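Participant: Whatever this is, show me its structure:
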Amino acid sequence: MPAALEDSEIGSIQQMVLWKLPLAPWPYLKAGDRVRVEHGPMRGQEGTLVRTKDSLHLVINIDVLQRSVAVQVDREAIVPIGGRKSS
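Facilitator: Alright, predicted model coming up:
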């Protein structure tokens, strides 16, 4: 059974159409997704997407050091590469 759309989501879509804004499909990403940087100085790096209050970060694990590092990334620079990180 299809899920119902929220009224706020329908309203957002209607406004974009009425304002004749340029629209394009975009991958749906959420915290925990595995992503790859496609553009910019971090191109080719893969990691886990983490969302903080107002930004997105790519977390890269450094296994030999048993550490991770997080770097802020632009939403437009990343693409999904697979399923959510396993716990």
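
Participant: for the spatially most central residue of the chain, what are its contacts?
Facilitator: Residue closest to the mean C-alpha point of the chain, counted by Cα atoms, centre = their mean, is L29 at 3.7 Å. Residues in contact with L29 (Cβ atoms under 8 Å, 6 or more residues apart in numbering) are V35, L49, R75, I78, P80. For every residue, glycine as well, the C-beta is placed using N, CA and C.

Participant: Apply 6 Å and report the result again.
Facilitator: Under the criterion of Cβ atoms under 6 Å, 6 or more residues apart in numbering, the neighbours of L29 are L49.

Participant: In a helix, S8, correct?
Facilitator: Yes - under DSSP: H, G, I helix; E, B strand; the rest coil, S8 sits within a helix.

Participant: what about it, how many neighbours?
Facilitator: Neighbourhood size, S8 [other Cβ atoms under 10 Å]: 8.

Participant: Backbone dihedrals for the residue nearest to the centre of the chain, both of them.
Facilitator: phi -120, psi 150 (degrees, to the nearest 10).

Participant: Do a quick rundown of the helices in the chain.
Facilitator: Along the chain, counting by DSSP state H, helices occupy 7-18.

Participant: Can you pull out the low-pLDDT segments for it?
Facilitator: Along the chain, the model assigns pLDDT under 70 to residues 26, 83-87.

Participant: let's see it at 80
Facilitator: Applying pLDDT under 80 to the chain picks out residues 1-5, 21-28, 62-65, 82-87.

Participant: can you give me the strands for it?
Facilitator: Shown for the chain, the strands assigned by DSSP state E span residues 33-37, 46-51, 56-62, 67-73, 78-84.

Participant: Any idea which of those strands gets closest to P25?
Facilitator: Comparing the strands of the chain against P25 with Cβ to Cβ, the closest turns out to be strand 78-84 (12.6 Å).

Participant: neighbouring strands for the closest one, and are they parallel or not?
Facilitator: Strand 78-84 has its sheet partners listed here by DSSP bridges as strand 33-37 (antiparallel).

Participant: could you give the angle of the partner strand to strand 56-62?
Facilitator: Orientation of strand 33-37 against strand 56-62 (axes from the mean of the first three to the mean of the last three Cα atoms, to 10 degrees) gives an angle of 90 degrees.
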